[in-house]
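Visitor: with the sequence up front, the predicted model follows.
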Amino acid sequence: MSENIDIPKALSGTGSWLDDRFHGARGLRVFMRKVFPDHWSFMLGEIALWSFVILLLTGTFLAFFFVPSTAPVVYHGSYVKLNGIEMSQAYQSTLNISFDIRGGLLLREIHHWAADLFMAAIIIHMLRIFFTGAYRKPREVNWLIGIALFTLGLLEGLFGYSLPDDQLSGAGLRIFEGALQGIPIVGTYLAFFLFGGPFPGNSIIPRMYIIHVLLIPGLILALITAHLFIMVHQKHTQMPGKDVTEKNVIGQPFFPYFMAKGGAWFFFIFAALALLATFAEINPIWLYGPYTPVAISSASQPDFYMGILEGALRMMPAWEWNFLGHTISFSVLIPFALPLTIILGGAAFWPFFEQWATGDRSWHNVNDRPRNAPIRTATGMAVVVFYGVLWAEGANDVIADYTQIPLYTVTWISRVLIFVGPAVAFYVTRRICLGLQRQDKELVEHGLETGIIRQLPSGEFIEVERPLDEEELAKLGVKTVPALLPATEAVDENGVPAPQTRGVMGRARVIANRAFAETIVVETNGHGDGHGPAEEHAAVGAGQAELPGDGGDGEEPPGS
């Protein structure tokens, strides 16, 4: 690809003016020519990025009119059904934004839809990274940043939809206060400090407002900036394909291709959110009424990303202990801490666990096909089912109402599914991955079916198959199989077991190593795999034993 880029005259003149004073043209020129791989799934992260930008823009507008105060007022606004009702200034200002500020309701709903899209994009983006193994060396830090962004997004969403002080958000805050109080010893102090006294207190709305508009957005903006800088420095991963290797990047330059594509993507996302805000109403707080602690409504659910905590609370049976004069409410503490610890803690731990189990410390710039990593893909699907069961249980009253199944029956079904569902998902997904690998093996050995039937002179009918082309072979050829550790019973000529297999941790590592090494042999004669035949095409089965290997030399990263 040619490095000569036609720069518009206006842009060139502005660049020359800035370069004369700040000498940044050389670095900017390198960045403009930087090549990024082009694949549809890589745009999932940009959905989250542009959603966050839209959140900042719409949130700035809303901040001009929102009053973060719980001081009581009597409403006399445009929404006559609440005329004369006492409410907080926060709720009154939200009603004014919705009915009295020109364009206020549209921007408020765009803001809410953008928040949901931001969290959905992060979840799907992280699933793409997990299933393709894009979190491996050297990108572990960026993976941890993504987990931190998701965690901050949960808190930001919780505080954001709690600000209007309507009946629905107040019920959510009551649950949040109960979860804080469920923390042993320090929980009551944390709740008292945050709420400024007994629930509902007078300080929670202004404090949440500062956290929502200043603290968490600043942290998210800093982490997104770090995430992008690290991605540009380390180079983007790329999907398997012809001529794709660990030491090159095949794609399009940032200018003008990705600059135009990213700009258009922003306007597409903004248009989609505007259409949703126009035709799909979300969070109509005027129907819920102002918050009062003595009332609660049925079918009260938070936004989808908080549904797992709601479901965990509804699923957990009553259980508490009295210990040293303190009451430990496991029925609140476990749902509050365990699901997120399993999902977020497990996600943060996984890259290092996989590296420990496989011994693979090499650089990975080419993504895996999910089918070629059965254990990883099966584990991811098990977590997805675990998340889905908790999320569905968060609406158990709605499910019971629509299906005419008793509420407690729905709860007991979820209690069984939370254990059975992930196990079944793991087993089925692993078998599907191995089956797809066998299908790849058949394609390599026999070619692709063309649908053309021919009759041989002997009278036999056969289907014509064509061999795979280089692009198809290259995709099938990328399979990194970790080197097997010695079996736990293996000993050398002196009867001494290998050091890696000694002790409980050694035996556990051998078991994990065998699981990660399970694969189906696919021989593609080294077409465009990017790893080399010795590493890529080793036929390793779960029950075989080979000499130990480190899975990579850990040398410096390959260049672009």
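Guide: Looks like it arrived, so ask away. Numbering: from 1, shown residues only.

Visitor: residue 74 contacts residue 85, correct?
Guide: Yes - between residue 74 and residue 85 there is a contact under CB atoms under 8 Å: 7.2 Å. Using the backbone N, CA and C atoms, a C-beta is placed for each residue, glycine as well.

Visitor: which parts of the stretch 201-350 of the chain are helices?
Guide: For the stretch 201-350 of the chain, the helices defined by DSSP state H, counting those that start in this stretch occupy 204-210, 216-234, 259-279, 285-288, 307-315, 330-340, 346-358.

Visitor: deepest-packed of those, please.
Guide: The highest average neighbour count among the helices of the stretch 201-350 of the chain, using mean count of other CB atoms under 10 Å, belongs to helix 307-315 at a mean of 22.

Visitor: helix, strand or coil for residue 185?
Guide: coil (DSSP: H, G, I helix; E, B strand; the rest coil).

Visitor: try the one 3 residues further on
Guide: Using three-state DSSP as the criterion, the local structure at residue 188 reads helix.

Visitor: leaving out chain neighbours, which residue sits closest to it?
Guide: residue 181 (5.5 Å; CB to CB, 6 or more residues apart in numbering).

Visitor: low-confidence ranges in the stretch 251-400 of the chain?
Guide: 298-299 (pLDDT under 70).

Visitor: helix, strand or coil: sort out residue 127 for me.
Guide: helix.

Visitor: for the remainder of this discussion, apply numbering that starts at 34.
Guide: Okay, using 34 as the starting number, the last item reads as residue 160.

Visitor: now do the contacts for it.
Guide: 413, 417 (CB atoms under 8 Å, 6 or more residues apart in numbering).

Visitor: against residue 179, how distant is it?
Guide: Computed as CB to CB, to the nearest Å, the residue 160 to residue 179 distance reads 11 Å.

Visitor: state which strand of this structure is the longest.
Guide: Determined from DSSP state E, the single longest strand within the chain is strand 481-488.

Visitor: which of residue 107 and residue 118 has more neighbours?
Guide: Between residue 107 and residue 118, residue 118 has the larger neighbour count (other CB atoms under 10 Å), namely 15 against 10.

Visitor: just give me the neighbour total for the closest residue to that one other than its chain neighbours.
Guide: Spatial nearest neighbour of residue 118, excluding adjacent residues (CB to CB, 6+ apart): residue 108 at 5.3 Å. By the measure other CB under 10 Å, the count of residues near residue 108 is 18.

Visitor: report the buried residues of the helix or strand where residue 442 lies.
Guide: Under the criterion of DSSP states H and E, residue 442 resides in helix 440-479. Neighbour-count burial for helix 440-479, with 16 or more other CB atoms under 10 Å as criterion, is recorded at 443-444, 446-447, 450-451, 454-455, 458-459, 462-463, 465-467, 469-470, 473-474, 476-477.

Visitor: elements contacting it?
Guide: helix 340-348, helix 407-426, helix 429-436, helix 503-510 (3 or more CB pairs under 8 Å, 6 or more residues apart in numbering; DSSP states H and E).

Visitor: surely residue 418 meets residue 455?
Guide: Yes - between residue 418 and residue 455 a contact is recorded at 5.0 Å, counting by CB under 8 Å.

Visitor: and stretch 49-69, how far apart are its ends?
Guide: Using CA to CA, to the nearest Å, the end-to-end distance of stretch 49-69 comes to 26 Å.

Visitor: so which bits of that stretch are buried?
Guide: Buried residues in stretch 49-69 (16+ other CB under 10 Å): 62, 65, 67, 68, 69.

Visitor: any chance of those residues in TSV, with distance to residue 137 and pLDDT too?
Guide: Formatted as TSV, the buried residues of stretch 49-69 follow (distance: CB to CB, whole Å; pLDDT from 0 to 100):
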residue	distance to residue 137	pLDDT
62	44	76
65	40	79
67	41	83
68	44	86
69	38	86
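
Visitor: can I get the residues you listed in JSON lines including secondary structure and distance to residue 262?
Guide: Output for these, formatted as JSON lines (DSSP: H, G, I helix; E, B strand; the rest coil; distance: CB to CB, whole Å):
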{"residue": "62", "secondary structure": "helix", "distance to residue 262": "18"}
{"residue": "65", "secondary structure": "helix", "distance to residue 262": "16"}
{"residue": "67", "secondary structure": "coil", "distance to residue 262": "12"}
{"residue": "68", "secondary structure": "strand", "distance to residue 262": "17"}
{"residue": "69", "secondary structure": "strand", "distance to residue 262": "14"}
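
Visitor: tell me the SS of the nearest residue to residue 518 once chain neighbours are set aside?
Guide: Once flanking residues are discounted, residue 518 sits nearest to residue 546: 4.7 Å by CB to CB, 6+ apart. The three-state assignment at residue 546 reads helix, by three-state DSSP.

Visitor: the longest strand of the chain - what's its average pLDDT?
Guide: Computed over strand 481-488, the mean pLDDT rounds to 86.

Visitor: go on, stretch 166-178?
Guide: Here the average pLDDT along stretch 166-178 is 94.

Visitor: ends of it, what's the gap?
Guide: Stretch 166-178: ends 16 Å apart by CA to CA.

Visitor: could you give me the buried positions within that stretch?
Guide: Buried-residue list, stretch 166-178, by 16+ other CB under 10 Å: 166, 167, 168, 169, 170, 172, 175, 176, 178.

Visitor: what's in contact with it?
Guide: With CB under 8 Å, 6+ apart, stretch 166-178 has contacts from 161-162, 256, 259-260, 263-264, 267, 270, 380-381, 383-385, 387-388, 393-397, 400-401, 406, 409, 590.

Visitor: equivalent analysis for stretch 143-153, please.
Guide: Contacts for stretch 143-153 (CB under 8 Å, 6+ apart): 80-81, 84-85, 87-88, 91-92, 95, 183, 186-187, 189-190, 193-194, 302, 306-307, 309-310, 313, 315-316, 336-338.

Visitor: in strands only, show me these.
Guide: Checked against DSSP E, the contacts of stretch 143-153 include nothing in strands.

Visitor: going by neighbour count, which of the residues you listed are buried?
Guide: Buried, going by 16+ other CB under 10 Å: 80-81, 84-85, 87-88, 91-92, 95, 183, 186-187, 189-190, 193-194, 302, 306-307, 309-310, 315-316, 336, 338, out of the contacts of stretch 143-153.

Visitor: helix or strand right after the longest strand of the chain?
Guide: Counting by DSSP H and E, what follows strand 481-488 is strand 494-499.

Visitor: residue 397 contacts residue 270, correct?
Guide: Yes - if you go by CB under 8 Å, residue 397 and residue 270 touch, sitting 7.5 Å apart.

Visitor: how near is the nearest residue to residue 420 once chain neighbours are set aside to residue 159?
Guide: Using CB to CB, 6+ apart and skipping residues adjacent in sequence, the residue nearest residue 420 is residue 341, 5.9 Å away. Relative to residue 159, residue 341 is positioned 15 Å away (criterion: CB to CB).

Visitor: with residue 99 instead?
Guide: Where residue 159 is concerned, residue 99 sits at a distance of 31 Å (CB to CB).

Visitor: same question for residue 250.
Guide: 20 Å.

Visitor: for burial, what's the neighbour tally of residue 75?
Guide: Residue 75 has 19 nearby residues by other CB under 10 Å.

Visitor: quick one: contacts for it?
Guide: 69, 269.

Visitor: and what of residue 263?
Guide: Contacts of residue 263 (CB under 8 Å, 6+ apart): 172, 174, 175, 178.

Visitor: quick one, the host helix or strand of the last one and helix 249-267 angle?
Guide: Element membership for residue 178 (DSSP H and E) is helix 173-195. Between the axes of helix 173-195 and helix 249-267, defined by axes from the mean of the first three to the mean of the last three CA atoms, to 10 degrees, the angle is 160 degrees.
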